[in-house]
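# Sequence first, then the predicted structure:
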2 protein chains.
Amino acid sequence: MNRLLIVVNVLGKMVLVFGLTMLVPFGLALWTDDGAHFVFGESIVITLGSGLVMWLATRRYQRELQTRDGFLLVVMVWSGLPAFAMLPLLLYLPELNLSMAYFEAVSGLTATGGTVLSGLDALPPSINLWRGEIVWLGGMGLIVLAVAILPLLGVGGRQLLNAEIPGPMKENKLTPRIAETAKGLWSIYASLTLVCVFAYKWAGMDWFDAVMHAFTTLGLGGFSSHDASYAYWDSPLIESVAMVFMLIAGINFATHFLVWRAKSFTPYRYDSEVSWYVMILFLSCTGLAFYLWLTGVYSEPLIALRYAAFNIVSVATTTGYSNTDYNLWPIFVPLWMLFLSGFCTSSGSTGGGIKMIRARILYQQVYREIITIMHPNAVMPAKLGRSVLASRVILAVLVFLFVYTASIVLMMLLLTLSGLDVITAFSAAVACINNLGPGLGEIGPATTYASLTDFQTWICSFAMLLGRLEFFTVLAIFTPAFWRK
Amino acid sequence: MNRLLIVVNVLGKMVLVFGLTMLVPFGLALWTDDGAHFVFGESIVITLGSGLVMWLATRRYQRELQTRDGFLLVVMVWSGLPAFAMLPLLLYLPELNLSMAYFEAVSGLTATGGTVLSGLDALPPSINLWRGEIVWLGGMGLIVLAVAILPLLGVGGRQLLNAEIPGPMKENKLTPRIAETAKGLWSIYASLTLVCVFAYKWAGMDWFDAVMHAFTTLGLGGFSSHDASYAYWDSPLIESVAMVFMLIAGINFATHFLVWRAKSFTPYRYDSEVSWYVMILFLSCTGLAFYLWLTGVYSEPLIALRYAAFNIVSVATTTGYSNTDYNLWPIFVPLWMLFLSGFCTSSGSTGGGIKMIRARILYQQVYREIITIMHPNAVMPAKLGRSVLASRVILAVLVFLFVYTASIVLMMLLLTLSGLDVITAFSAAVACINNLGPGLGEIGPATTYASLTDFQTWICSFAMLLGRLEFFTVLAIFTPAFWRK
Ligand SMILES: [K+]
Ligand SMILES: [K+]
């Protein structure tokens, strides 16, 4: 019980800060007089008030957080903040019910980007900016979560992280103190966002769209201010800018940080995820473009490449933008894209899925198992690049994969039990657990999650949290052992 | 190269024996004068001739088999014997092409039971008997493979096997020599088949159907001599007999052996798979019967229970019989059934999937991982029943699951790439890798695999072999390391 109150105290302070971030859309609403300033005013009052109450009511319970408190804090932040993030949506759109508003907010803060809203073009700019901002804030939290917090909690494995810091850069090791690490990573994240804003403006977006889409590009959570997503501009130049920054955001920000510090691209070369990520995406884009041309979906090879590349990069990096309804392509292509979304992005990026480092470890372990079967006494150290992997890490990765797979299967079964068709249920489970966003069938890129029932919407919200918090953080707090002294 | 010739020598002897088993349908064809005796005569000559050539041509290469030869032998037996098993089908049915005939034979010898044939009722009895016999022979091979051969090869892990022998029975440990083990297991298998024949006859089948279906019931490879499968009889009594024997065949035959030796049912109680198997099937049957009644598929609860129980037991034990087109039920039910087919049967049974013992280890490992995350220094031995599991075994099970999952995903992608729809492709991958037989969509219980293209048929044949030989046996021989001295 004490543990809960201590965590609520910290959460209270975070809710206060979160309330202040609503000043940005509030300012925009006042400036553009888009009719949403009352909504943001009320939301700010409620959020700040709640944060203050949470903080003051528990101020006797302040103490240094212990490791185990971290689990609870992480789960409460990502499930609690959406309750405040959804307020402007709930207040402005009376047709939106609680389950939908919460879904939209979770989708933002987990940088998933699946939406229940349509008529986006007609929404007040401040509302759309808020949707973009929560993705961006979510991404900010995720980077620190992945690089600094989860390893401290032992989820994902500290050793896994060490393996990620490119070998020869070890002397430049990231400072172990979370605050300083966060500061470094956030400067990179913010700077890249700023560059992205200007690039979008240069490529033809207006300032508002440039800011909103830079937010959701760097956060890899493909909310857009247009129902048509990137088909709205129909501009290869804008799509190219988006692809470059999606690809950047799919790389470990710790590696970006090292590149920035070393003023050299060498860290990318030593990163154990980047080369595979680039290679797999390159092969998938060219291969599937060829397939789309071969099957006659596009009669021009370059047009096929344009559509294949943009949508594949978007889905594989778990962003979720689209510039066409890829749901209408031969089903193999979107299935392959969903498959890529499961493992392409790097750990420490804002992307979802099991991450490339785990995929590499899994792939390698299959070969090790075959050799072990043939030569039971052979000693074969597991290595990734120059780092030796502890068997503890390999076990953790394998169990992670099992929980990941089992979650997709169970979510899919639950969604079909509640009446969804197989393709929608399967793709919803994959798209939510990978924090991708759009799926196939009823929830394809041309449609939204609005057709789901309340129950199904809650399932999807839970799936997004589960995937984003890497399963074990969430599962841990459901065990009796967690609550024991 | 030598390795190959040594194995071909052994295979040659097995082909000779296999050719002799064709005398059974040959005899029936002569006796009933069903028009297929020429076909069997030719097949026997070809098979015996080929076996003789293989044996004589390599007789200089006879030597004691080494462990590594075992991999090659197992793969060559299960991929080579179908080439002979398909001969009667190929010769009798001119419309059957090579890929279909090979599929049918692989489906039989792996005890999968998916068929490309229709008009079964009009086929000569001898042809149907041969289809049943290859399932039965396949089951015979599978039991020995699982209980005696794979553990020797280190696939599945010898330790895994030891865990399966119920604790207090250790002094009755199965004799390590394959031949004696095989003799014991085969007596049980043959005796149960005989009892099953009489039970079917008593319940209302004619002698021919009783024999043919006893073969495919104990082998858990649901070939039938009727297109309608068990709906042909529409008899709850016959269905009950089938359920009892399917349930028996889904249990480890080593445990049956211990029960027979001890003249006591205690070994079932100490078996780490039986209780979970019974419990999960009981809950699934009653739960899904309730759901079918609730959703109005059946208006009578008892009718719902009859159809739910028969089809669920049939699919979960990976038999593949049906007494109605469960493809027409709300999609959750067949999906749940496919899910069950993935893990319900016991190791050492004639069933497919990852087996209950692996499912239990996986389930337990998730909890261990959570505890390890919270208490990194806690020592928590992995146990199953009274046996302690070596970490080597846990790792092997986790890698197995990864390869299993990856195989299903890749097979599904390959099948959609070749033009199949998602549901058919997904269910074909699951049904073939689990050695279940019927899937959903185009290959549901009311249809066959005949609509697949040749390429898709070969993919499915490969998937059945991969699943049946527990992946690593097949994968091993594709590594360069295997062929090195
Ligand atoms: K996303
Ligand atoms: K079967």
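Great, that's in hand. Ligands and ions are numbered 1, 2, ... in the order given.
# since we're on the nearest residue to A:C460 once chain neighbours are set aside, how many residues are nearby?
Once flanking residues are discounted, A:C460 sits nearest to A:C432: 4.7 Å by Cβ to Cβ, 6 or more residues apart in numbering or on different chains. For the C-beta atoms, the positions are set from N, CA and C on the backbone; glycine is no exception. The number of residues packed near A:C432 is 34, by other Cβ atoms under 10 Å in any protein chain shown.
# For A:T286, give me phi and psi.
The phi/psi pair for A:T286 (degrees, to the nearest 10) reads phi -70, psi -40.
# typed the wrong thing, it's A:L117
Note on A:L117: backbone dihedrals following degrees, to the nearest 10 are phi -100, psi 140.
# That one: neighbouring residues, count only.
Neighbours of A:L117 using other Cβ under 10 Å come to 20.
# about what we covered before: the residue nearest to A:C460 and A:M412, how far apart?
Using Cβ to Cβ, to the nearest Å, one gets 10 Å for the distance from A:C432 to A:M412.
# And A:R360, by the same measure?
Distance from A:R360 to A:M412, by Cβ to Cβ: 26 Å.
# How about A:L281?
The value you get for A:L281 to A:M412, if Cβ to Cβ is used, is 26 Å.
# The two: which has the busier surroundings?
Neighbour totals were compared for A:L281 and A:M412, and A:M412 leads with 24 against 20 (other Cβ under 10 Å).
# The helix or strand harbouring that one to helix B:391-417, inter-axis angle?
Counting by DSSP states H and E, the element that carries A:M412 is helix A:391-417. Helix A:391-417 and helix B:391-417 are oriented at 40 degrees to each other (axes from the mean of the first three to the mean of the last three Cα atoms, to 10 degrees).
# is any part of helix A:391-417 close to chain B?
Yes. Counting by Cβ under 8 Å from any Cβ of the partner chain, chain B has neighbours in helix A:391-417: A:391, A:394-396, A:398-399, A:401-403, A:405, A:409, A:412-413, A:416-417.
# Can you flag the buried ones in those residues?
Neighbour counting by 16 or more other Cβ atoms under 10 Å in any protein chain shown classes A:394-396, A:398-399, A:401-403, A:405, A:409, A:412-413, A:416-417 among the residues of helix A:391-417 next to chain B as buried.
# start to end distance for stretch A:55-65?
End-to-end distance for stretch A:55-65: 15 Å, by Cα to Cα, to the nearest Å.
# so where is chain A shaky, pLDDT-wise?
A:1, A:148, A:151-178, A:386, A:485 (pLDDT under 70).
# Strands of that one, residue ranges please.
Along chain A, the segments classed as strands by DSSP state E run A:383-384, A:387-388.
# hmm, back to that, you'd agree the residue nearest to A:C460 is up against A:W458?
No. Using Cβ atoms under 8 Å, A:C432 is not in contact with A:W458; the gap is 11.3 Å.
# how far away is the nearest residue to A:A359 once chain neighbours are set aside from A:R360?
Closest residue to A:A359 apart from its sequence neighbours, by Cβ to Cβ, 6+ apart: A:F343 at 3.9 Å. Going from A:F343 to A:R360 by Cβ to Cβ gives 9 Å.
# Compare the two (neighbour count), which wins?
Neighbour totals were compared for A:F343 and A:R360, and A:F343 leads with 25 against 18 (other Cβ under 10 Å).
# if we can go back for a sec, want to throw the buried ones among the residues of helix A:391-417 next to chain B into TSV with distance to ligand 1?
Below are these laid out as TSV (distance: Cβ to the ion, whole Å):
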residue	distance to ligand 1
A:I394	28
A:L395	29
A:A396	25
A:L398	26
A:V399	25
A:L401	21
A:F402	24
A:V403	20
A:T405	20
A:V409	21
A:M412	19
A:L413	24
A:T416	24
A:L417	26
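# Which single residue of chain A ends up nearest chain B?
At 3.6 Å from chain B, A:L398 is the closest residue in chain A, using Cβ to the nearest Cβ.
# my guess is A:T318 meets A:N435, correct?
Yes. Look at A:T318 against A:N435 with Cβ under 8 Å: they come within range, at 5.6 Å.
# shared neighbours of these two, anything?
Here A:T318 and A:N435 share the contacting residues A:112, A:351-353, scored by Cβ atoms under 8 Å, 6 or more residues apart in numbering or on different chains.
# Let me know the closest of these to ligand 1.
In terms of Cβ to the ion, no member of the shared contacts of A:T318 and A:N435 lies closer to ligand 1 than A:T112, at 4.8 Å.
# Might you report the residue contacts of the closest residue to the closest one other than its chain neighbours?
Excluding its sequence neighbours, the residue lying closest to A:T112 (Cβ to Cβ, 6+ apart) is A:N435, at 4.4 Å. By Cβ under 8 Å, 6+ apart, the contact set of A:N435 is A:110-112, A:221, A:318, A:351-353, A:464, A:467-468.
# hmm, back to that, quick check, nearest of the residues of helix A:391-417 next to chain B to ligand 2?
Taking those together and measuring to ligand 2 by Cβ to the ion, the closest member is A:V409, at 20.8 Å.
# Spell out which parts of chain A neighbour ligand 1.
Chain A comes close to ligand 1 at residues A:112-113, A:221, A:318, A:320, A:437, as judged by Cβ under 5 Å from the ion.
# Most neighbours out of those residues, which is it?
Neighbour counts for the residues of chain A next to ligand 1 (other Cβ under 10 Å) peak at A:T112, which has 37 neighbours.
# OK, contacts around the residue nearest to A:A359?
A:353-356, A:358-359.
# before we move on, what about A:A242?
Contacts of A:A242 by Cβ under 8 Å, 6+ apart are A:200, A:213, A:217, A:230, A:310, A:314, A:321.
# ok, now how distant is it from B:L475?
Applying Cβ to Cβ, the value for A:A242 to B:L475 is 40 Å.
# Redo the buried ones among the residues of helix A:391-417 next to chain B as JSON lines? Include distance to B:W260.
Shown next, in JSON lines, are these (distance: Cβ to Cβ, whole Å):
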{"residue": "A:I394", "distance to B:W260": "41"}
{"residue": "A:L395", "distance to B:W260": "39"}
{"residue": "A:A396", "distance to B:W260": "43"}
{"residue": "A:L398", "distance to B:W260": "38"}
{"residue": "A:V399", "distance to B:W260": "38"}
{"residue": "A:L401", "distance to B:W260": "40"}
{"residue": "A:F402", "distance to B:W260": "36"}
{"residue": "A:V403", "distance to B:W260": "40"}
{"residue": "A:T405", "distance to B:W260": "38"}
{"residue": "A:V409", "distance to B:W260": "37"}
{"residue": "A:M412", "distance to B:W260": "42"}
{"residue": "A:L413", "distance to B:W260": "38"}
{"residue": "A:T416", "distance to B:W260": "42"}
{"residue": "A:L417", "distance to B:W260": "41"}
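# Nearest to A:L30 among those residues?
A:L30 lies nearest to A:M412 out of these, by Cβ to Cβ, at 45.1 Å.
# which residue packs closest to the closest one, ignoring adjacent ones?
In space, A:M412 comes closest to A:A429 once its chain neighbours are excluded; the distance is 4.3 Å by Cβ to Cβ, 6+ apart.
# and that neighbour, how many neighbours does it have?
By other Cβ under 10 Å, the residues close to A:A429 number 26.
# can you check the one 4 residues further on too?
Neighbouring residues of A:I433 were enumerated by other Cβ under 10 Å; the total is 29.
# try A:W31
Using other Cβ under 10 Å, A:W31 has 11 neighbouring residues.
# got the contact list for the residue of the stretch 51-200 of chain A found nearest ligand 1?
In the stretch 51-200 of chain A, no residue comes nearer to ligand 1 than A:G113, which is 4.0 Å away by Cβ to the ion. For A:G113, the contacting residues are A:107, A:135, A:216, A:220-223, A:319-320, A:436-438, by Cβ under 8 Å, 6+ apart.
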